[in-house]
Structure formats: structure tokens, C-alpha cells
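**Q** pasting the structure only:
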């Protein structure tokens, strides 16, 4: 997994791996969902932290809001 990437990933790598935009990548990092390091003004993500995220229930949860059926409101 992620064998083609360096041991420390940049935001562009995260975007490519997850197929998400720059803002979403920063959102995941700032929320602490993807562990990261700040080196000066730059954010770096150790590959081990990215693997932890990809194998976590947070990423692989099939019961998240995007996969679960929409509940009907009362009175609707």
C-alpha cells in the first residue's frame, strides 16, 4: 500500500491518494482525522499515519452518513 510514495507525504499526495480536493485534505488534517506534522509553515503526513487513517473505522465505516439510508422525518 502506498509503495510509490515517499515516507513523508505532502498535501498533493493526500489529495491524489484519497481523490479529494485541497480544502477537504486540509479539513481532515485540521480535524485530526489524519495525523500530521508541521515543519515551519509546511504540513507533512508520515506515510504510517496515512496508512492508519486508511485502515481506520473512520475511513472504512460502511455505516457513515453517505452510505446509510435517509430517515424520514416525522409528519412527512
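**A** Perfect, thanks for sending it. Bear in mind that the values here come from a model prediction, so they are computed numbers and not experimental data.
**Q** Could you identify the longest strand within the chain?
**A** In terms of residue count, the longest strand belonging to the chain (DSSP state E) is strand 42-46.
**Q** Tell me how far residue 20 lies from residue 29.
**A** Residue 20 sits 11 Å away from residue 29, going by Cβ to Cβ, to the nearest Å. Every residue, glycine included, has its C-beta placed from N, CA and C.
**Q** Among those two, which residue is more densely surrounded?
**A** Neighbours were counted for residue 20 and for residue 29 using other Cβ atoms under 10 Å; residue 29 has more, 19 against 13.
**Q** Now whatever helix or strand comes next after the longest strand of the chain: buried residues?
**A** Later in the chain than strand 42-46, the nearest helix or strand by DSSP states H and E is helix 47-55. By 16 or more other Cβ atoms under 10 Å, the buried positions in helix 47-55 come out as 47, 49, 50, 53.
**Q** list the contacts for the first one?
**A** What that stands for is residue 47. Neighbouring residues of residue 47 by Cβ atoms under 8 Å, 6 or more residues apart in numbering: 2, 5, 6, 7, 8, 9.
**Q** For the protein, which segments are assigned as strands?
**A** Using DSSP E, strands in the chain cover 8-9, 37-39, 42-46.
**Q** Looking at those, which one is packed in the most?
**A** Among the strands of the chain, ranked by average contacts under mean count of other Cβ atoms under 10 Å, first place goes to strand 8-9 (a mean of 19).
**Q** and for that strand, what are the contacting residues?
**A** Counting by Cβ under 8 Å, 6+ apart, 17, 37, 44, 45, 46, 47, 50 sit against strand 8-9.
**Q** Just list the residues touching the fifth one, thanks.
**A** For residue 46, the contacting residues are 7, 8, 9, 35, 37, by Cβ under 8 Å, 6+ apart.
**Q** show me where pLDDT drops low in the protein?
**A** 61-76 (pLDDT under 70).
**Q** Tell me where it has helices.
**A** Taking DSSP state H, the helices of the chain run over residues 11-18, 22-30, 47-55, 57-60.
**Q** can you give me the angle the second one makes with strand 42-46?
**A** Interaxial angle of helix 22-30 relative to strand 42-46 (axes from the mean of the first three to the mean of the last three Cα atoms, to 10 degrees): 70 degrees.
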